[in-house]
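# Pasting a predicted model and its sequence here:
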Amino acid sequence: MAKQETIKDEAVIYGEWHVRYKYSIGKVAGKFFDALKQKKILATHCGKCNLSFLPPRAYCERSFEPCDGWVEAGQEGVIEASTIVTAAFENLPTPPYAIAYVRLDGISTALINFIRELDLSDVSRAAERIKPGTRVRVKFKENPEGRITDFHYVLPAA
Amino acid sequence: MPNKNRVAVIGVGETAFKTNVSEKTYVELAQDAAKAALDDAGLVPDDIDAIVFSMAPTQFMGVNDVEKWAVDSVWAAGKPFMRIHTGGATGGSALHAGYAHVASGMYRTVLVVGADRVSDTPDAQHILNLIWDLFYEHDFALNTVTMTALSTQRYMHQHGTTEEQYARVVVRSRKNALKNPHAHLKGNITIDDVMKSPRISWPYKLFDICPRSTGAAAVVLANQEMTKKHCSRPAFINGIGGLTSTVFMGDRVGPYADAELSAEAEFITAGKEACTQAGITNPMKQIQVVELYDPFSSTQFPQLESIGFCKPGEAQRLSDEGAFDHGAMLTVNPSGGTLCSNPIGVTGLVRVADAALQVMGKAGESQVPGVRNALATAIGGSVQFVSCTILGADHV
């Protein structure tokens, strides 16, 4: 809690929260983020269910068994859900931008990221171009840092 | 879970829902709802055995873990007290906790109460973005608007739903809200008005989205003995169903999904459980009113379908035909629903309260004639926590 100030006219008190954190990454996410630096997307695999998970996780939440392997995800996939954001939200990116859950080839679940290099000037038209079932590919930035933002999705033609 | 012990709603209290209430503090609002519910039940604070406090993230109103501040205001000092929090589903879950307290035989009466002030911060959607982990999902501008826009786009693709069909839901809700003195947004608007409101996140326009509301709600739950003594026309809680899903929405899309995101498929299980307990075999025939948790215009259709009021993809046509209008085949959200008022920490409780009022015949101008059964829902987290409650004029 930081500054507080009484404004008599409005009969309100103003306040703000400033809090800082450090989040432990752990072994599973650590391996995933290390692989991103090599421009690889690694998923955990459950041999019992034969499912591969992104984001990776230590346990398969369906069989309640530890995930027993890692597989490399394809760098292409299919859009399962998408939207185009045209309004500005506090502390969120400047609009417009497109986001999508994409199921990468060989993986059972979908991973969210931005779709970039897409003309968003006509929102309805752009929404049609990224409807479920549309193929996209992964595009890494030149110097990945081991963060989920190291890559994004683009349409194959982009 | 057999509901052998009768539990009924015997008192309901709600404040008006608005953007801001400057003449009251948070806890004074909660107190207003508590007092109104006690008065409605004809009880005094000493008659209440335990309190369940309904509150979602406290970052909106800005006092961390605010339930401790509210203890005195809701007359909980000296009594068992707990806070329940399942995001948007909080009010539904709090009601279920209160129900379990009474059904267990441990308490005769429970006050379920809470309040929220979602507009006290301009950073609401920033706070809602912070519910995602910083490892994998936080960076991609997820918040309640964008996450449900994603599932809505998927639903539209599966069922050919149009933006106009969602706009019609908004028109119906705002019109219903005209008869609800507590509703935040209300009025006679047109499909065109909705279509022309500013685009937010495809397919949503501004009017497809609920307001950020301030207000409070409470219900008094009672066992058979106290119900008989204090209430001639209670709303019996005949069925409850609650279900939790994975946090990852990406697990709920595609051929390997165990609960389809766009269908809000958790309601298939939760609805079936609640209906079985309540002896409902044909929801459309046996239930007259639903109070659905619908912060967005697209939230109603999948719930109606998954709970079993109609087949997948059918709700949009029934909506167009007027089947969900006030007094029609099934009255959907006679209060105006969450689309018209969303005090997040109590929204699920308001759904139950408004459904109970319909069963008790106390819904005023909103009253639908001949209500024997009403159903209320709530949804929270990443469309992840769901609750379903069936209230009846007769105990099953």
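Cool, got the structure. Numbering: from 1, shown residues only, chains lettered A, B, ... in the order given.
# drop to CA atoms for contacts and neighbour counts, all remaining ones
Fine.
# which helix is the longest one in chain A?
Determined from DSSP state H, the single longest helix within chain A is helix A:26-37.
# got the buried residues for it?
A:Val28, A:Ala29, A:Lys31, A:Phe32, A:Phe33, A:Asp34, A:Ala35, A:Leu36, A:Lys37 (16 or more other Cα atoms under 10 Å in any protein chain shown).
# And stretch B:201-208, by the same measure?
Quick answer for stretch B:201-208 (16+ other Cα under 10 Å): B:Ser201, B:Trp202, B:Pro203, B:Tyr204, B:Lys205, B:Leu206, B:Phe207, B:Asp208.
# ok, now stretch B:376-396?
Going by neighbour count (16+ other Cα under 10 Å), the buried part of stretch B:376-396 is B:376-393.
# So which of those belong to strands?
Secondary structure assignment by DSSP state E places B:376-380, B:385-392 of the buried residues of stretch B:376-396 in strands.
# isn't B:Gln153 right up against A:Ser82?
Yes - the criterion here is Cα atoms under 8 Å, and B:Gln153 meets it with A:Ser82 at 6.7 Å.
# At the contact with chain A, which residues of chain B appear?
B:22, B:122-123, B:125-126, B:135-137, B:139-141, B:146, B:149-151, B:153-154, B:157, B:199-203, B:249-257 (Cα under 8 Å from any Cα of the partner chain).
# which neighbours do B:Gln153 and A:Ser82 share?
Common neighbours of B:Gln153 and A:Ser82 (criterion: Cα atoms under 8 Å, 6 or more residues apart in numbering or on different chains): A:Lys131.
# out of these two, which sits in the more crowded spot?
A:Ser82 (29 against 24; other Cα atoms under 10 Å in any protein chain shown).
# How about that one: what's its closest non-neighbour residue?
A:Ala100 (4.0 Å; Cα to Cα, 6 or more residues apart in numbering or on different chains).
# Next, count neighbours for the one you found.
27.
# mind listing the strands in chain A by residue range?
A:5-7, A:12-14, A:42-46, A:51-53, A:69-72, A:76-85, A:97-104, A:111-115, A:135-140, A:151-154.
# Would you give the sheet partners of the second one, along with the direction of each?
Strands adjacent to strand A:12-14 in the sheet, as given by DSSP bridges, are strand A:5-7 (antiparallel).
# What average pLDDT does the partner strand get?
On average, the pLDDT along strand A:5-7 is 50.
# got the contact list for B:Gly313?
Contacts of B:Gly313 (Cα under 8 Å, 6+ apart): B:His159, B:Phe301, B:Pro302, B:Glu305.
# From those, pick the one nearest chain A.
Using Cα to the nearest Cα, B:His159 comes nearest to chain A of the contacts of B:Gly313, at 12.2 Å.
# For the residue lying closest to the closest one once chain neighbours are set aside, give its distance to chain A.
Leaving aside its sequence neighbours, B:His159 sits nearest to B:Gly313 (Cα to Cα, 6+ apart; 5.4 Å). From B:Gly313 across to chain A, the span is 17 Å (Cα to the nearest Cα, to the nearest Å).
# Likewise for B:Ile48?
Counting by Cα to the nearest Cα - B:Ile48 and chain A are separated by 34 Å.
# Next one, pLDDT for that residue please.
98.
# and if you look at the one 5 residues further on?
Model confidence at B:Phe53, given as pLDDT, is 98.
# quick revisit: what's opposite the residue nearest to A:Ser82 in the beta bridge?
Going by DSSP bridges, A:Ala100 forms beta bridges with A:Ser82, A:Asn113.
# how many other residues sit next to whatever residue of the stretch 251-396 of chain B ends up closest to chain A?
Nearest residue of the stretch 251-396 of chain B to chain A (Cα to the nearest Cα) works out as B:Asp251 at 4.8 Å. B:Asp251 has 25 neighbouring residues, counting by other Cα under 10 Å.
# again, but for B:Pro122
Neighbour tally, B:Pro122, other Cα under 10 Å: 12.
# same thing with B:Phe301?
B:Phe301: 27 neighbours (other Cα under 10 Å).
# Could you look up the SS state of it?
Following DSSP: H, G, I helix; E, B strand; the rest coil, B:Phe301 is assigned to helix.
# List the contacts of it.
When contacts are counted by Cα under 8 Å, 6+ apart, B:Phe301 touches B:Gly313, B:Ala315, B:Gln316.
# Any residues of chain A in contact with chain B? List them.
Contact residues, chain A versus chain B (Cα under 8 Å from any Cα): A:11-12, A:25, A:29, A:55, A:80-87, A:89-93, A:99-103, A:108-114, A:123-124, A:127, A:131-132, A:147-149.
# and those residues, which are buried?
A:29, A:55, A:80-87, A:89, A:92, A:99-103, A:108-114, A:123, A:127, A:131-132, A:147-149.
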